[in-house]
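Q: sequence and predicted model, in that order:
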Amino acid sequence: MKKSVASFGVKLHKSSDQGAHWTELTLPAYPPKPQDGPMAEDSTPWNVEMIWSLAAGNADQANTLWAGCMPAGLFKSEDAGQSWVLNRALWENPKRLAWVVA
């Protein structure tokens, strides 16, 4: 009897053996939404809803990955997707609130 597993939401997996085996990776994540200050009024969801672009670094950056996410955010991993760092200059830019039209 086959076991069936349901999985919903954003996921990242990698294979080091041409797809014979897969390992789930850590997902990019936004910081907690501030309770006060200019970003407290941000109605954008502060969770990754989609990874719309995933790119490898240059040839001399073998373990670097870039992930473009929705809502508008850019993340970088320097350890092949084991951890992610948000580009805060983009995320905290007050103009970001106008980048995506609902």
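A: Everything's here; your move.
Q: check contacts around the residue most central in space within the chain.
A: Central residue of the chain (Cα atoms, centre = their mean): P28, 3.4 Å from the mean position. Applying Cβ atoms under 8 Å, 6 or more residues apart in numbering, one finds that P28 lies in contact with 48, 51, 67, 69, 73, 75, 77, 84, 86. Just so you know, the C-beta spots here come from the backbone N, C-alpha and C atoms, and that holds for glycine as well.
Q: would you map the strands across the chain?
A: Along the chain, counting by DSSP state E, strands occupy 13-14, 23-24, 50-56, 65-70, 73-77, 85-86.
Q: TSV for these, including distance to N93?
A: Listed next are the strands of the chain as TSV, based on distance: least, Cβ to Cβ, whole Å:
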stretch	distance to N93
strand 13-14	31
strand 23-24	31
strand 50-56	19
strand 65-70	15
strand 73-77	11
strand 85-86	12
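Q: distance of the residue nearest to the centre of the chain relative to E41?
A: 23 Å (Cβ to Cβ, to the nearest Å).
Q: that'll do, ta.
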